[in-house]
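Enquirer: quick one, structure for this:
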Amino acid sequence: MVSTRELRARSKALTEEGRWGARAMLRGLGLSDQDFDRPIVGIANTWSGAMPCNNHLRQVAVDVAAGVRAAGGTPLEVNTIAVSDAVLARGGASLVSREVIADSIELAAEAYAFDALVTIAACDKTNSGAALGMVRTDIPSVYLFGGTMARGVCESRDVSIQDMAEAVGKYSAGEMSLDQMRAMERAVCPGSGACTGMYTASTMATALEVLGFAVPGMSSIPAVSEQRSRASYDTGVLAMEALRTGTTPRRLVSRASLLNAIAVTAALGGSTNLVLHLMAIAREAGVELELEDFHRISAATPRIGDFLPSGRHFMEDLGTAGGVPAVMRALLGAGLLNGEVPTADGRTLAEHLRHVALPSAGQTVVAHTDRPLAPSSGWSIFYGDLAPEGAVLKATGTDAPPFEGPAVVFESEHEAYLGVQAGAVTSGDVVVIRNEGPVGGPGMAETSKTTAAIVGRGHLDDVALLTDGRFSGITHGYAIGHIAPEAAVGGPLALVMTGDRITIDPAERRIDIDVPVVEWTRRRESWKAPESTASSSVFAKYAALVGSASDGAVTRSARQLPDSMATAHVHRSGT
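Expert: Numbers count the residues shown, from 1 in each chain. Predicted structure coming up:
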């Protein structure tokens, strides 16, 4: 049995006698001799009072701390920033926040010598930022999702933030009145919690649960509920169990566990943002993962989850079908998961699932693997003239017909949104939004406001969209993002002109452009990098350090800076 002193291998640097100044300061928090003799468990919270996704996490942290104390640890809570894509004046700030959150967690864990760690997150990038911080720090750690908000009700039907986004297009097209817009605005977000469908927040929560980072079943528990309080308490207990077994995040992140996460989230119809974030987690852990892995696993995994944005159900409904464990049990039984990967308490995934029931009969939330909603799922990875390093489409099936049309080019997401609202996009167009990649943003803005406006104006299937930016989980339809190399570093997207004929071929997974070689060469030779918008230090710093979306948009370490800057220079010069 591991001794208490061994469990305090890190924190004893602050809490043993002889560290009089640190102990005196900690006593100012109310800590006692007994607290000093216990392992210190850091609770890294992403509470924010600026958006509903994370504004309930103070109480969640209280429940986690109770679990830590009951299991023999001393909890210390720290906080970091949280940025929501839905409440955002500058689009790229959200992805930049992923790095700030990871950095903050690493700094706190090292500064306070935590023996173990709990991270609490809810909105999109807080989840991935928390995961990156856990993997980077690599001490025994457990992740807790804050849960989704309750569904809204407007005019006697269930609604979500997706309905609000698409209503904007309908309003601009004259199909909704101002009173209807006001009613929708008041209804879609009835309280605390993340967005209610299989959008990015729930996608990441599901993936991290599959990786073994969390208490089983926590992804589908509503934000404000007695179940959430219990799951939070259990998370504190699990952190102490992870400490006793010595289970760290890098023991959990393997190629097998990452492929499991892809399979489960693909089966549930998860967000394209998973590709970006899971690639980043893999890079942080030093584990091999490529874009083609997402396509291969998606093609072999049936879609069994019927969730928003393309389905009927809300994330809280997954609980009625047995939660993520029931989905994993079904996929494991179908031979689509590796059951030998470990989890936070030291048991294997198969051991966790041994007594888990399959999705309950009579429900419509999760289909049987033998009778799926679609034979394949997840994401399709495209290449071709405009995406030599790859691009991502939420899978629509390789039997979808090719889409060909004239390009309508916009230099930013905001410009595109205004153009769509003004009627500049018509049936058959291929909308191109550029300069929204990791460097160009900086920070890779979501272009979902524009896609929602396109859908709202009646163009779900007859307008395509290409961008070096990314999409929220609310996106559906013919929208291809993460195009790499991005326009700001001289990628092919930078050379497209309005009127160019573009072909999107799902069967061949290609995005090609019909421009004579001589003309293309002329454009390449005359191209100049756009002037950077990164005027403030955090955005400028990010732009200087960030890599390609095809590699997870990870930032380079200081020792890699000369190489990364040299690479950026080569891209910018077009050579």
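Enquirer: low-scoring stretches of the stretch 401-550 of the chain, by residue?
Expert: 473-477 (pLDDT under 70).
Enquirer: can we see that at 80?
Expert: 472-477, 533-536 (pLDDT under 80).
Enquirer: now the helices for it?
Expert: Ranges of helices within the stretch 401-550 of the chain are 413-421, 448-456, 517-526, 537-545, based on DSSP state H, counting those that start in this stretch.
Enquirer: nearest to residue 313, of the ones you listed?
Expert: helix 448-456 (19.3 Å; Cβ to Cβ). (C-beta placed from N, C-alpha, C; glycine too.)
Enquirer: what about stretch 292-309, average pLDDT?
Expert: The predicted model assigns stretch 292-309 a mean pLDDT of 96.
Enquirer: ends of it, how far apart?
Expert: 24 Å (Cα to Cα, to the nearest Å).
Enquirer: and if you look at stretch 486-499?
Expert: 20 Å.
Enquirer: starting at the chain centroid, how far to that stretch?
Expert: Centroid separation for stretch 486-499 versus its chain: 26 Å, with Cα atoms, centre = their mean, to the nearest Å.
Enquirer: just the helices of the stretch 401-550 of the chain: most buried one?
Expert: Neighbour counts (mean count of other Cβ atoms under 10 Å) averaged over each of these peak at helix 448-456, with a mean of 27.
Enquirer: could you dump that one to PDB, C-alpha only?
Expert: Only the C-alpha atoms of helix 448-456 are listed here, as PDB (Å, rounded to 0.1, in the frame of the first residue of the first chain):
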ATOM      1  CA  SER A 448     -20.800  29.000 -37.900                       C
ATOM      2  CA  LYS A 449     -22.600  32.300 -37.800                       C
ATOM      3  CA  THR A 450     -22.200  32.500 -41.500                       C
ATOM      4  CA  THR A 451     -23.200  28.900 -42.100                       C
ATOM      5  CA  ALA A 452     -26.300  29.300 -40.000                       C
ATOM      6  CA  ALA A 453     -27.200  32.500 -41.900                       C
ATOM      7  CA  ILE A 454     -26.800  30.600 -45.100                       C
ATOM      8  CA  VAL A 455     -29.100  27.800 -43.800                       C
ATOM      9  CA  GLY A 456     -31.600  30.400 -42.500                       C
END
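Enquirer: mind listing residues that contact that helix?
Expert: 85, 162, 165-173, 175, 413, 416-417, 420-421, 425, 431, 433, 460, 463, 465, 471-472, 474-477, 479 (Cβ atoms under 8 Å, 6 or more residues apart in numbering).
Enquirer: same thing but at 7 Å, please
Expert: With contact meaning Cβ atoms under 7 Å, 6 or more residues apart in numbering, helix 448-456 is reached by 165-170, 172-173, 413, 416-417, 420-421, 425, 433, 463, 465, 471-472, 474-475, 477, 479.
Enquirer: hmm, back to that, can you lay out the helices of the stretch 401-550 of the chain as a markdown table showing distance to residue 225?
Expert: Output for the helices of the stretch 401-550 of the chain, formatted as a markdown table (distance: least, Cβ to Cβ, whole Å):
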| stretch | distance to residue 225 |
| --- | --- |
| helix 413-421 | 35 |
| helix 448-456 | 28 |
| helix 517-526 | 56 |
| helix 537-545 | 36 |
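Enquirer: so which of the ones you listed gets nearest residue 111?
Expert: helix 537-545 (20.4 Å).
Enquirer: sorry, back to before: the helices of the stretch 401-550 of the chain: which one's closest to residue 65?
Expert: helix 537-545 (30.8 Å).
Enquirer: same for the closest one, what does it pack against?
Expert: Under the contact criterion of 3 or more Cβ pairs under 7 Å, 6 or more residues apart in numbering; DSSP states H and E, helix 537-545 touches helix 93-111, helix 561-573.
Enquirer: just to revisit the earlier point, inside strands: which ones of the contacts of helix 448-456?
Expert: 433, 465, 479 (DSSP state E).
Enquirer: most neighbours of all those, which one?
Expert: residue 433 (30 neighbours; other Cβ atoms under 10 Å).
Enquirer: pretty sure that residue is touching residue 470, no?
Expert: No. Between residue 433 and residue 470 there is no contact under Cβ atoms under 7 Å: 10.7 Å.
Enquirer: to residue 363, which of the helices of the stretch 401-550 of the chain lies closest?
Expert: So among these, helix 448-456 is nearest, using Cβ to Cβ, at 28.1 Å.
Enquirer: distance of the residue lying closest to residue 40 once chain neighbours are set aside from residue 112?
Expert: Nearest residue to residue 40, sequence neighbours excluded (Cβ to Cβ, 6 or more residues apart in numbering): residue 11, at 3.8 Å. With distances taken as Cβ to Cβ, to the nearest Å, residue 11 is found 8 Å from residue 112.
Enquirer: who has more neighbours, these two?
Expert: More neighbours surround residue 11 than the other of residue 11 and residue 112, with 23 against 18 (other Cβ under 10 Å).
Enquirer: wait, what's in contact with the more buried one?
Expert: The contact partners of residue 11, taken as Cβ under 7 Å, 6+ apart, are 39, 40, 113, 114, 115.
Enquirer: neighbours around residue 113, how many?
Expert: Residue 113 has 18 nearby residues by other Cβ under 10 Å.
Enquirer: try residue 373
Expert: Count around residue 373 with other Cβ under 10 Å applied: 16.
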